[in-house]
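Undergrad: prediction below, plus the sequence it came from.
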Amino acid sequence: MDFNTIIQILDSAVRLMTPLLLACLAGLYSERSGVFDIGLEGKMLMAAFTAASVAYATGNAWLGLAAGIAGSMALSLIHGLASITFMGNQLISGVAINFLASGLTVLLGQKIFGLGGRTPSLTGGGRFGEITLPFADAMRDIPFIGPIYAELLSGHTALVYIAFLCVPLTWWILSRTRFGLRLRAVGENPASVDTAGVSVTRLRYAAIAICGLLCGLAGAYLATGLSAGFVKEMSAGRGFIALAALIFAKWRPWNALFATFLFGLLEAIANRYPNLDLGVITIPSMFMNALPYILTVIILAGFVGRAIPPRAGGEPYVKER
Amino acid sequence: MDKMPKWADVILTPLISLLLAMAISALVILAIGESPWLALKTMVDGALGSSYGWGFTLYYTTNFIFTGLAVAVAYHASLFNIGGEGQAMLGGLGVALVLLYLPLPHWALALPVAMIGAAVLGAAWALIPAWLQAKRGSHIVITTIMFNFIAAALMNYVLVNVLRPVGSMDPASARFPESTHLPSLSDLALGLGVEWGKHTPANVTFFVALLACLLVWALIWRTRLGYEIRALGRSEPAAMYAGISPVRITVVTMLISGGLAGLMAINNVMGESERLVLNSVEGAGFIGIAVALMGRNHPFGVFLAALLFGFLYQGGGELALWTSIPRELIIVIQALVILFTGALDNMVRMPLERLFLAMRNKRGDT
Amino acid sequence: MAAPAKHAGGRSDAAAPYAIELRGISKAFGAVQANRNIDLRVPKGSIHGIIGENGAGKSTLMSILYGFYRPDRGEILVNGEKLTISDSQAAIRAGIGMVFQHFKLVQNFTVLENIILGAEDGALLRPSLAKARGVLRDLATEYQLNVDPDERIEELSVGHQQRVEILKALYRHADILILDEPTGVLTPAEADHLFRILEGLKAEGKTIILITHKLREIMDITDNVSVMRRGEMVASVKTAQTSPEELAELMVGRKVLLSVDKTPAKPGKPVLEVRDLKMVDDEGVERLRGISFDIRAGEILGIAGVSGNGQTQLLELLGGYPEKGSKVGGSIRMNGEKLDLTGTRSDAATRRQRGIGHVPEDRQVEGLIMDFTAWENVAFGYHQEPEFNRGFLMDNAAIRADAEAKMERFDVRPRNPNLAARNFSGGNQQKIVVAREIERNPDLLLIGQPTRGVDIGAIEFIHKRIVELRDAGKAILLVSVELDEILSLSDRVAVMFDGRIMGERLPENTTTGELGLLMAGITDTEHHSPDEGIPPETQHVDRLPEGGA
Amino acid sequence: DPALIYDLGGKFDKSFNEAAYAGAKRWTEETGGSYKELEMQSEAQREQALRRLAETGANPIVMTGFAFSDVLTKIAPDYPDTKFAIIDMVVDQPNVQSVVFAEEQGSYLAGVMAAMKSQSDVVGFIGGMDIPLIHKFECGYAQGFKAVKPEGKVLVNYTGTTPAAWNDPVKGGELAKAQKSQGADVIYAAAGGTGIGVLQAAADLGILSIGVDSNQNHLHPGQVLTSMVKRVDNAVYDAFMAGTDLEPGVRVMDLKAEGVGVAIDDNNKDLVTPEIQAAVDEAAAKIGSGEIMVHDYMTDSSCPVE
Ligand SMILES: Nc1ncnc2c1ncn2[C@@H]1O[C@H](COP(=O)(O)OP(=O)(O)OP(=O)(O)O)[C@@H](O)[C@H]1O
Ligand SMILES: Nc1ncnc2c1ncn2[C@@H]1O[C@H](COP(=O)(O)OP(=O)(O)OP(=O)(O)O)[C@@H](O)[C@H]1O
Ligand SMILES: [Mg+2]
Ligand SMILES: [Mg+2]
């Protein structure tokens, strides 16, 4: 495997991990506040749809992004209503949201565009273009650093850079700000926050709103960054992988970066080597496709200890029964 | 003391929630320019209006009972088994291997043997996540998600490269021998001299599913194992105090859960398609999560929820087949039903409780 | 019940309004009337005690005052001013601080983070943390409330966790401090220290409301005391004008025996022989460093000690469920037979079969499954027993009958076996566990903190049962942080410190002072320097020689 | 009235169900007739749908997809007066017309075009799932390519193993990028909705792509080299036209019958040079005459070229 190949695989890994990273961070906010969210998939899908629809209608990817965020946030709000206000079961609510997004996107898409749930292809300003970092072209020929800068770091859409910036930002918010402190506290022991005179409800709503926002970014990236329009079910299980990555990352932002990178990398490798020839046998494509999942299990079993979720996670905050 | 009578909690609340879900669904149907009344009529007619509709509704119900029970059993031990999909796929493989390679002269013999095949492979698929959870603390939610993907890959490989008859375009196994075909409910009815549900896929597995509900109920609430499962699910330190081994219970529970998911294959693979096809599970594993949660992880609740989803699935199928309403509408309706009866139930329960309390206080005063 | 509330401290000459005045407070949880039309007046600068049986509604009333619950009816006056306290923020603003019965701390946060939570100055943490560090230092010197600001709560002993709670309230400038059963988890030394602090606070003009089950504390420290029963305030009196006996009767509605009545022990053959027991936990910390003792039939061995010195590990090890990943050495003999310390035959179920009963220290985490019904809990740990099973199935009818009988004999209230454990009060939960373990007539009973948080009626009852079991010729290992309890129940007392037994005494030949020194790791024979191997939570004891005297 | 049943992918799968729909639409437009159409929701419904249609008197009944073969074999004898047509599979019943396409032949031509257009001598193939049908496309494509450039290389990727594999444009795009980075400059996608992502990525990367099933040249004019069209629309249209007189037996839709082919229209005419056109015509003629035998993967589950 030469250097160039490595760069290309890493480059691909960066693209593949971005939606996972955004969704994973989204889940991180929600779950650190004590609200479990298995509806990441649905929110991402809804965002992809609304983003693509509005980007198509306006020809403006940024408006699309706003719509994506709005779509995802709307589902977040439902989740909040169910799991915060009405103290319902967070898992059921998440399952419902996944179903809802899967059905509504196609239903609306068919009603509006009549293409069986697809949106028309986006062109020009409807998509996020690739950003070339300064001097990328000039540096391209410098050995080693050149390709890393010009190929790997440069040439992604704005959302990729936003996603990566979200990691230190999230870390900073969680560990350095008042909001972060309260957010972590409410996921560990909501009664401590309540008796300290802070509203548990408001904090949790804030957390799931951020979750909606980040899922919105993830969905918009799928539809308007990586591809050019919405196709039904296009989230293709990424929300669940993001959830797995979140647990893998033990609900921590830098770990999330690592975990999603691992998923992206494994998928990129499987894409690059669809039939691994081991001399004696050739691993069939099906197993190369499943390789990221198999390796995840192995890594999980071998290297990652017990993941302890936020203590109050999954439980609605009920004072009086 | 309870805040409201039990019947209000278990019947009135879900009923009102269901009505709310229907009302919102009606709005959605109106919004896409169709008639909610027609939709409702089509669904009810198609799923419950004839023995034919029932034949399908019960078929789907059977699938969901198994996957729902699988999730429910694990849930009692605080294990969230998202892997029903993969375990049911493997169950299908178990059925196929048994029926294709063992000479089984009669269905009555084939059924128990196939059940063993289905349960064993389903359980095997749950074993690794269970063991990793118990011994290594690997989160069962991740591992079961991963195992769903791995199962899909495995099935893809096995069906294309191993079980597919030469020259067939279809990534599916050969047909199972005629002798192993399960009697359908319509056959049984005919045996009793009744014309019922001709050409519908519901088959004797339905009774197996009912039996499974009963057995799971007995397991959870009547056996020592069930007691230990519930104890571990509620508190691990207490379980240790009582001499209950978390490792053993985790593994055993997941084996039972995986086995139940695997057993679904008796219905769809052995009973309906009579061969193993790619994607035979069709998401029933995921619906099982909703079924279990809505059924409050009680076998009877699971049965009711499975029936509801069977109805929605069949009624929705009819809707999509015979009207111009897109099939995704059904997914939306399912979502709303799950949401209102499962997650927003307190929206209905809280005011009801207040109502009952006020009524009681009034009675108490006079 | 008909006793009209006589109001203490109701001196009409007082120009200053009451710090707290509650009028007609009512609160129902669903169908349960937790507080019914309650009046309470707390004069400024006084210490006011509130007592009552488990479930009488004390915590509820205080939680209402602190804005945690909202009352259905009634009004709250703080310093004469009528306030609507709709959340804790409002209570904090009114100068009220509360230390809950179950601490409201974030376990994996540092002390400092817990202190500033909700009281940060500005959106960024850094300045708040710096400020809090300074304030904390001042408070620590002012009130002798030392805690390491950077330690995580989960690493702290309960005593220190409680200090954090108090610091939290002081940091928020509380003038009125509510403490809900603060001493339930403290050693006598720690409790004394706490009372010293409370007196200091009172001297500064702060008002303190103290809920406790210990009448001695009420008599020692409070100015006035109010008694609650079944949601109602049945009396408010000046402490100086009442006696423990009268209070106990007001509380329970009958006469209560406040001291244990027992005859001298008649020890028989050794039942339990422990030799050189060692344990190293998951993280490599040595928890038990070679423990040896015997317990004979018909005697109670009491183990005193500050919690965190290995008692928990000792009980768990004897009970057959040492912490996961720990290593064990030494030997245990039961009725002369060696017990397996590792492997599948070393589990709790096997120990039970060998005749070891165990009332664990933490009834809510270990002793009970809170979501199980009372009758299911009565079989907990014994669910494998033949009499509870019929072949493959459990014999629920038999278990239920057994539960009803036990609840009857132990006077568990309400006597409803179908109620979930969590719906019983702490005292009644404890009775269920004790009934379950004692009624099996074990050869050896391990019993940890038998009366923690339990009201005096129930304490009397539980103590009586323990002595009865002893008199039936059984061996009992009693672990408690309550020196009073240890001294009045035990036939021999051993003191544990840092994984070792520091010494053994006969209760009649020792004092709380002597035991207090042993608990701090100081023996009369070897006065080794206290800096090696003393867990941090015990260090303050050295600085408080009056703690035991 | 005639009836049409779409397979699970649904009517708008951007692939062959959609092509079937196009055929039915054309028939309606031309004859003014009406037809019934159904979209399958689940495996268990196949039999139900067929029977219900047959019982309501629909005739002929056309169904798309090999997955119907099993059920059709079972129920066709129950409705001897109804004519059925099944696409992509042979069902041996007296009232069934089996329409099979020689995808390998159309793909062969696509392979020839890719080979002539490729400058790197590396081309790509992206399939939805690793199933025999898709191998048939792949194998024909590889044969055509190797016929022109025996030393060239075909990169092959399959999207996935779950139904999501057909609806994952993101993954499709990523696979296209991976193939491009390995030198591919023409990529043939046979992956349903995933293919849309492949075509898009190819257009973005400035390389060429080849569409499948329906004519997808218009999606990125000037950047889609061609589309391997599979005239499911014609098959449906013909079956509808034939009505109750539908001929039973096997109908092979090969190159000669214009059942498969490569689409050349305004959108790609600038890409198809006269030489390419000539080569395609020549290959088509030779296939038609039997001079070139394009191996069908289905016959022995193997491909003579790698
Ligand atoms: N959060 C709650 N939800 C429902 N009911 C409650 C709740 N808290 C308390 N109760 C009910 O109110 C009654 C009074 O409880 P409270 O906690 O005030 O008692 P307490 O006097 O503090 O008892 P203890 O001495 O055990 O601490 C209890 O019997 C219980 O039934
Ligand atoms: N959420 C609740 N629902 C119902 N009853 C409750 C609830 N919380 C507390 N209670 C009841 O309130 C009473 C007092 O509870 P509290 O939390 O003060 O603990 P406790 O019973 O005093 O236990 P401990 O003595 O171990 O502290 C008990 O009767 C308890 O069962
Ligand atoms: Mg209390
Ligand atoms: Mg208490």
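TA: Perfect, thanks for sending it. Ligands and ions are numbered 1, 2, ... in the order given.
Undergrad: okay, CA-based contacts and neighbour counts for the rest of this
TA: OK.
Undergrad: buried set for the host helix or strand of residue B:26?
TA: Residue B:26 belongs to helix B:13-31 when assigned by DSSP states H and E. Using 16 or more other C-alpha atoms under 10 Å in any protein chain shown as the test for burial, helix B:13-31 gives B:13-14, B:16-18, B:20-22, B:24-26, B:28-29.
Undergrad: so the next helix or strand along the chain from it versus helix B:13-31, what angle?
TA: Next helix or strand after helix B:13-31 toward the C-terminus (DSSP H and E): helix B:36-48. Here helix B:36-48 runs at an angle of 120 degrees relative to helix B:13-31 (axes from the mean of the first three to the mean of the last three C-alpha atoms, to 10 degrees).
Undergrad: from the chain's centroid, how far away is helix B:36-48?
TA: Centroid separation for helix B:36-48 versus its chain: 23 Å, with C-alpha atoms, centre = their mean, to the nearest Å.
Undergrad: which stretches of the stretch 151-300 of chain A form strands?
TA: Assigned by DSSP state E, counting those that start in this stretch, the stretch 151-300 of chain A shows strands spanning A:156-157.
Undergrad: which parts of it sit against chain D?
TA: Neighbours of chain D within the stretch 151-300 of chain A, by C-alpha under 8 Å from any C-alpha of the partner chain: A:222, A:226-228, A:231-237, A:271-272, A:274, A:285-286, A:289.
Undergrad: these also near chain B: which ones?
TA: Applying C-alpha under 8 Å from any C-alpha to these, one finds that A:286, A:289 fall near chain B.
Undergrad: in helices only, show me the residues of the stretch 151-300 of chain A next to chain D.
TA: By the criterion of DSSP state H, membership of those in helices covers A:271, A:272, A:285, A:286, A:289.
Undergrad: what's the closest non-adjacent residue to the first one?
TA: For residue A:271, ignoring the flanking residues on the chain, the nearest one in space by C-alpha to C-alpha, 6 or more residues apart in numbering or on different chains is residue D:175 at 6.1 Å.
Undergrad: show me which residues of whichever strand or helix holds the one you found are buried.
TA: Here residue D:175, judged by DSSP H and E, is contained in helix D:169-181. By neighbour count with 16+ other C-alpha under 10 Å, helix D:169-181 contains the buried residues D:169, D:170, D:171, D:172, D:173, D:174, D:175, D:176, D:177, D:178, D:179, D:180.
Undergrad: and stretch D:55-68, by the same measure?
TA: Those would be D:58, D:59, D:60, D:61, D:62, D:63, D:64, D:65, D:66, D:67, D:68, for stretch D:55-68 by 16+ other C-alpha under 10 Å.
Undergrad: with distance to chain B added, can I get those in JSON lines?
TA: What follows is the buried residues of stretch D:55-68, written out as JSON lines (distance: C-alpha to the nearest C-alpha, whole Å):
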{"residue": "D:58", "distance to chain B": "13"}
{"residue": "D:59", "distance to chain B": "17"}
{"residue": "D:60", "distance to chain B": "18"}
{"residue": "D:61", "distance to chain B": "15"}
{"residue": "D:62", "distance to chain B": "15"}
{"residue": "D:63", "distance to chain B": "14"}
{"residue": "D:64", "distance to chain B": "13"}
{"residue": "D:65", "distance to chain B": "9"}
{"residue": "D:66", "distance to chain B": "6"}
{"residue": "D:67", "distance to chain B": "6"}
{"residue": "D:68", "distance to chain B": "9"}
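Undergrad: CA-only coordinates of stretch D:65-74 in CSV, if you can.
TA: Written as CSV, here are the backbone C-alpha positions of stretch D:65-74 (Å, rounded to 0.1, in the frame of the first residue of the first chain):
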residue,chain,number,x,y,z
GLY,D,65,-38.7,-9.6,-10.8
PHE,D,66,-37.4,-13.1,-10.3
ALA,D,67,-38.8,-13.3,-6.8
PHE,D,68,-42.3,-14.0,-8.2
SER,D,69,-41.2,-17.2,-9.9
ASP,D,70,-41.8,-19.5,-7.0
VAL,D,71,-45.3,-18.2,-6.3
LEU,D,72,-46.3,-18.0,-9.9
THR,D,73,-45.3,-21.6,-10.5
LYS,D,74,-47.7,-22.5,-7.7
